[in-house]
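Peer 1: From the sequence below, what's the structure:
(chains A and B)
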2 protein chains.
Amino acid sequence: MSDLPKSVRINEEGPREGFQFEKGAIPTARKIELIDSLSKTGLKQIQTVSFVPPKNVPGMADADEVVKGFTRSPGVRYTGLWLNDQGLKRALATGKLDVTGTLSLTASEKFLLRNQKRTLKENLAAQHAMVKMYKENGVPVERAGLMAAFGCNFEGDIPVQHIVAMVQQMLDIGAQYQLDLKVVSLADTMAWATPLSIKRVVGAVRDKFPDLQISLHLHDTRGMGIANAYAGMEMGVAIYDAAVAGLGGCPFAAHRGAAGNVCTEDLVFMCREMGIDTGIDLEKLIESALLAEEVVGHPLPGCVMKGGTLDRLRQKIREAA
Amino acid sequence: MSDLPKSVRINEEGPREGFQFEKGAIPTARKIELIDSLSKTGLKQIQTVSFVPPKNVPGMADADEVVKGFTRSPGVRYTGLWLNDQGLKRALATGKLDVTGTLSLTASEKFLLRNQKRTLKENLAAQHAMVKMYKENGVPVERAGLMAAFGCNFEGDIPVQHIVAMVQQMLDIGAQYQLDLKVVSLADTMAWATPLSIKRVVGAVRDKFPDLQISLHLHDTRGMGIANAYAGMEMGVAIYDAAVAGLGGCPFAAHRGAAGNVCTEDLVFMCREMGIDTGIDLEKLIESALLAEEVVGHPLPGCVMKGGTLDRLRQKIREAA
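Peer 2: Numbers count the residues shown, from 1 in each chain, chains lettered A, B, ... in the order given. Reported below is the predicted structural model:
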């Protein structure tokens, strides 16, 4: 228990990861409304959109308008996602986003071949091109991300030593280009992790690279999200991606097997009740979660938004005393 | 991590705790169908019904018929719940249940006063009467249970030392009546627990009573169920109550704040993936979970029944290789 961090930083992914996933069209104004609502919660980073070709992700066709529409709040970083030079240019053109680069590898070659039609080797080479692109555009690269770090639907279990080796590959690129890589994000892209594998993988990466901060990107497809986050905290991990109301996932049959990120307010609730500071106002975040449910028009999987906070119950008890 | 148990025993509570909670009437035959389905999964204990006055819990009016209807499977214990002599007599009269007694206290006096119109002292006295009732009926008492052990909606946080003292009170009654109390069940009745409070309370009870087996009864109202179970396992807890598909809870507004027990198949999934034996066939259990959803007629919160198992994915990968 001694490794539990004193504070945890949560990067909100809901507007991007969630809306990207929704089947129906969501009006641009409502996306903006949710981002503005999240801006008032104390979150320090909100991923707002992805700049990907509309033919691939129709729900993100209005990305530029969404960015134009929301109101920046002081102290909050607003990020976006892109996969190539064209996307990066769109992000820079908004003049409104906090544009930083990420070195990104994928632990599973079979997943890579399916999703990006690249081998591990080709993807590694592509990262050199990405870094050069960032350098040319004066965009700092402080983060390395590894997808499918806990297992893959197409390749199965991934050996821990393979993960450590791939983190090393990213650090090698960083050294070659004199990048100041501070954070490595380990993503459980296909929800294979358990608390035990979180401990094993994080432990191995932490042992090998004690100066790197580790960040976790967790999916809740098999209900392990919060338990995996807790296991991460027991290993000292202090940065998490999460999605308000569990956006991106839905308890309905139509979405079977595609649950979203770990739910932001459930994660904040756990931190708060364990004495770990997040800087986030949980009641305000629940308002955002309820708004998210209204915006997508169907129930979302978050629990604390339905069950309520203990602080509110404690207050009622005090008032009744 | 070293305290993780090698095997875990899961007591299925779905048919009793789940159906008790449902608003609409569920046909007796369908309750029986679910119990029979659960009997084939490898579960060693299934709580089937509660013998409470139909005017209090209309959904349990058919308890005797349900017990009459299901088929006992060898090696499975079939249990029931009762709160007084009349209920116990009904359970014994079925001639078909594994009838054992539980000493039961509640950590919160305010909750007791609301729910049973008793003070802590009155409830303690009532346990003496219960034990005498068990003795007269030749019913063994091997289990002590403590409700609201992690916090209470009406009293707030409960000091750990109060929990330890109440476990001591139950052991004192046990000694007085020469009971062979083997297990103490700590119930997070109102879903106040976090992994950290699980560790604190379980740790304190374990330290004081090293020979007692600890069992956890967890609710998932605030999404902490699986994480709390994991924290229990890290403290060596090897007995859990759970409800198939998360019966008793529902992600819909109509049931806000009343989520059920931690979900059986999600718990089994976590154990299986962490190398902890449960003796349960996860694929068969998922069939029961899907049946439970069909029987209640609305989505239930279980995740693995929607996300699927990793074993099945591994098998597909092997077949494709």
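
Peer 1: going forward, measure contacts between C-alpha atoms and count neighbours the same way
Peer 2: OK.

Peer 1: how far out from the middle of the chain is the helix or strand of chain A with the lowest mean pLDDT?
Peer 2: Between all helices and strands in chain A, the lowest mean by mean pLDDT, DSSP states H and E belongs to helix A:19-21, at a mean of 75. Distance of helix A:19-21 from the chain centroid (C-alpha atoms, centre = their mean, to the nearest Å) equals 13 Å.

Peer 1: do stretch A:200-211 as well
Peer 2: 20 Å.

Peer 1: Show the average pLDDT along that stretch.
Peer 2: Stretch A:200-211 shows a mean pLDDT of 98 in the predicted model.

Peer 1: Residues in contact with it: which ones?
Peer 2: A:F150, A:V160, A:Q161, A:I163, A:V164, A:V167, A:L212, A:I214, A:G232, A:M235 (C-alpha atoms under 8 Å, 6 or more residues apart in numbering or on different chains).

Peer 1: Give the next helix or strand downstream of whichever strand or helix holds the fourth one.
Peer 2: Under DSSP states H and E, the secondary-structure element containing A:I163 is helix A:160-176. The helix or strand immediately downstream of helix A:160-176 is strand A:183-188, counting by DSSP H and E.

Peer 1: tell me the angle that next one makes with helix A:160-176.
Peer 2: 150 degrees (axes from the mean of the first three to the mean of the last three C-alpha atoms, to 10 degrees).

Peer 1: Quick one: distance of strand A:183-188 to the chain centre.
Peer 2: So, by C-alpha atoms, centre = their mean, the centroid of strand A:183-188 is 9 Å from its chain's centroid.

Peer 1: which helices and strands sit right next to the helix holding A:I163?
Peer 2: In terms of contact count using 3 or more C-alpha pairs under 8 Å, 6 or more residues apart in numbering or on different chains; DSSP states H and E, helix A:160-176 is assigned the packing partners strand A:101-106, strand A:141-147, helix A:195-208.

Peer 1: tell me which element A:A289 is part of?
Peer 2: Element membership of A:A289 [criterion: DSSP H and E] is helix A:282-296.

Peer 1: ok, and what's touching that helix?
Peer 2: A:22, A:26, A:30-31, A:34, A:37-38, A:40-41, A:244-245, A:247, A:265, A:268-269, A:299-300, A:302, A:304-305, A:309.

Peer 1: again, only this time at 6 Å
Peer 2: With C-alpha atoms under 6 Å, 6 or more residues apart in numbering or on different chains as the test, helix A:282-296 has contacts from A:S37, A:T41, A:V244, A:A245, A:P299, A:L300, A:M305.

Peer 1: Then stretch A:222-232?
Peer 2: Counting by C-alpha under 6 Å, 6+ apart, A:T194, A:P195, A:L218, A:H219, A:V262, B:A227, B:C303, B:V304, B:G307 sit against stretch A:222-232.

Peer 1: Might you report the residue contacts of A:L4?
Peer 2: A:M233, A:E234, A:G236.

Peer 1: who wins for most neighbours among those?
Peer 2: Among the contacts of A:L4, A:M233 has the most neighbours (other C-alpha atoms under 10 Å in any protein chain shown), with 26 neighbours.

Peer 1: Kindly indicate which of the contacts of stretch A:222-232 lies nearest B:V57.
Peer 2: Comparing the contacts of stretch A:222-232 against B:V57 with C-alpha to C-alpha picks out B:C303 as the nearest, at 28.4 Å.

Peer 1: ok, now how distant is the closest one from B:A242?
Peer 2: 14 Å (C-alpha to C-alpha, to the nearest Å).

Peer 1: Between those two, point out the one with more neighbours.
Peer 2: More crowded of B:C303 and B:A242, by other C-alpha under 10 Å: B:A242, with 29 against 23.

Peer 1: Chain A: helices as residue ranges?
Peer 2: Applying DSSP state H to chain A gives helices spanning A:19-21, A:28-38, A:63-69, A:85-94, A:109-116, A:120-136, A:160-176, A:195-208, A:225-234, A:264-273, A:282-296, A:304-307, A:310-320.

Peer 1: Where among the ones you listed is average confidence lowest?
Peer 2: Among the helices of chain A, helix A:19-21 scores lowest, at a mean of 75.

Peer 1: Contacts for that one next, please.
Peer 2: With C-alpha under 6 Å, 6+ apart, helix A:19-21 has contacts from A:G59, A:G248.

Peer 1: quick one: the residue nearest the centre of chain A from A:G279, how far?
Peer 2: Residue closest to the average C-alpha location in chain A (C-alpha atoms, centre = their mean): A:D241, at 3.3 Å. According to C-alpha to C-alpha, A:D241 stands 15 Å off from A:G279.

Peer 1: do the same with A:F269
Peer 2: For A:F269, the distance to A:G279 - C-alpha to C-alpha - is 12 Å.

Peer 1: Between these two, which has more neighbouring residues?
Peer 2: Taking neighbours as other C-alpha under 10 Å, A:F269 and A:G279 compare with A:F269 leading, 26 against 16.

Peer 1: Correct me if wrong: A:V76 contacts A:K44.
Peer 2: Yes - shown here, A:V76 and A:K44 form a contact pair, counting by C-alpha atoms under 6 Å, at 4.5 Å.

Peer 1: Any residues of chain A in contact with chain B? List them.
Peer 2: Where chain A comes near chain B, counting by C-alpha under 6 Å from any C-alpha of the partner chain, the residues are A:G156, A:T221, A:R222, A:G223, A:A227, A:R256, A:G257, A:C303, A:V304, A:K306, A:G307, A:R314.

Peer 1: tally of neighbours for the residue of the stretch 101-250 of chain A found nearest chain B?
Peer 2: Closest approach between the stretch 101-250 of chain A and chain B, counting by C-alpha to the nearest C-alpha: A:A227, at 3.8 Å. Residues lying near A:A227 (other C-alpha under 10 Å) number 29.

Peer 1: Next: A:N11.
Peer 2: So A:N11, with other C-alpha under 10 Å, has 22 neighbours.

Peer 1: Perfect, that will be all.
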